[in-house]
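*Asks:* Prediction below, plus the sequence it came from.
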Amino acid sequence: MNKILVTGVTGQLGKAVIDLLINKVSVSDIAVLVRDASKVENLKAQGVEIRVGDFNDETSLVSGFKGIDKLYFVSSNDISNRLQQHQNVVNAAKTAGVKHVIYTSFQRKNESADSPIAAIAESHLKTEQWLKESGIAYTFLQNSIYTDIVPMFLGEQVLENGTIFFPAGDGKVSFALRQDMAEASVAILTTEGHENKIYDFNSDQIITFQEIADILGEIAGKTIAYVSPTQEIYIETLSSAGVPMEYVGMFAGFAEAFKQNEFDKTSNTLETLTGKKPVAVADFLKQVYAAK
């Protein structure tokens, strides 16, 4: 069996992947890379090999990647430093002799500088380029938007206020649950034939925020309105409410990307890899809001 190393296991996607992987292959074939070993004592207790490394320190990564056949590379959430961190990972993987990198990238149409999420996209685009140029076998998982974060776009008081206030217009989005992506990732990690391939990690359904409002209305038993303001009004409203500008900018950027149908691509990839239908947005919303 190949030696598999998973990064990002203290985050939600990486944790989901490692939890599934432990039940799929022998723990002797699994390692994780973390900055702080004390945060994964539970994995150590299960027999998973713990390696310490930091995306900011290429030397530590070379050491951490030694003897690894497959590297599940979860993209960094440190947006301001991610470009250099990812370059460190690719360089270290090549130096260490990693045979295959499975990288969590992103779904997109517009790769130009005028993309509403260009600041977030840049490091993903560069990382894909670096991996292709490295000579290492790669697999790009071009993730759509997690269904799990839909409530973040709706706001904490959406049911109480009876309004979704979000400038996504009539844009259609193919959301997918993080757990479904994790299960598909494990299928790729534990089977062969995925080298130098690109997979769309989305669903076979698209949905608008008006449709989300309608679903919430059915769940809550009352009308939930959908208001799509201008970007200017949206930014001003959130800023006035005390939302930090870094979040305001991120929400606004994704809203505009949704409006431009950047994430409306559909596929049956997750179902093909996992053997089951991905969880629909409507079913997820029922799980989250039915008890409220």
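*Replies:* Arrived safely.
*Asks:* contacts and neighbour counts: CA atoms only from here.
*Replies:* OK.
*Asks:* Give the residue spans of this protein that score low on pLDDT.
*Replies:* By pLDDT under 70, the weakly predicted segments of the chain are 1, 292.
*Asks:* 80 instead, please
*Replies:* Along the chain, the parts satisfying pLDDT under 80 run over 1, 291-292.
*Asks:* Could you give the separation of the longest helix belonging to it from the chain centroid?
*Replies:* Counting by DSSP state H, the longest helix found in the chain is helix 118-134. Using C-alpha atoms, centre = their mean, to the nearest Å, the mean C-alpha position of helix 118-134 is found 15 Å from that of the whole chain.
*Asks:* Which strands and helices lie in contact with it?
*Replies:* For helix 118-134, the elements it packs on are helix 82-96, strand 100-106, strand 137-143, judged by 3 or more C-alpha pairs under 8 Å, 6 or more residues apart in numbering; DSSP states H and E.
*Asks:* Tell me who's in contact with residue 228.
*Replies:* By C-alpha atoms under 8 Å, 6 or more residues apart in numbering, the contact list for residue 228 reads 165-169.
*Asks:* now it: how far from residue 270?
*Replies:* Here residue 228 is placed at a distance of 31 Å from residue 270 (C-alpha to C-alpha, to the nearest Å).
*Asks:* what's the answer for residue 105, then?
*Replies:* Residue 105 is 15 Å from residue 270, where distance means C-alpha to C-alpha.
*Asks:* Show me the residue at the heart of this structure, geometrically.
*Replies:* When the chain is reduced to its mean C-alpha position, the nearest residue by C-alpha atoms, centre = their mean turns out to be residue 143, at 5.8 Å.
*Asks:* Double-check it against residue 105; I have them as touching.
*Replies:* Yes. With contact defined as C-alpha atoms under 8 Å, residue 143 and residue 105 form a contacting pair (6.0 Å).
*Asks:* Which residue ranges of the protein form strands?
*Replies:* Per DSSP state E, the chain has strands spanning 4-7, 30-34, 49-52, 70-73, 100-106, 137-143, 163-165, 197-201, 225-227. These are given in chain order.
*Asks:* dump the residue contacts of the residue nearest to the centre of the chain.
*Replies:* By C-alpha under 8 Å, 6+ apart, the contact set of residue 143 is 104-107, 181, 200-202.
*Asks:* and of the residues you listed, the nearest to residue 190?
*Replies:* The nearest member of the contacts of residue 143 to residue 190, counting by C-alpha to C-alpha, is residue 181 at 14.4 Å.
*Asks:* can you pull the contacts of the closest one?
*Replies:* 143, 201, 270.
*Asks:* distance of it from residue 144?
*Replies:* Separation of residue 181 from residue 144 (C-alpha to C-alpha) stands at 10 Å.
*Asks:* Mutual contacts of those two, please.
*Replies:* Taking C-alpha under 8 Å, 6+ apart as the contact rule, residue 181 and residue 144 both touch residue 201.
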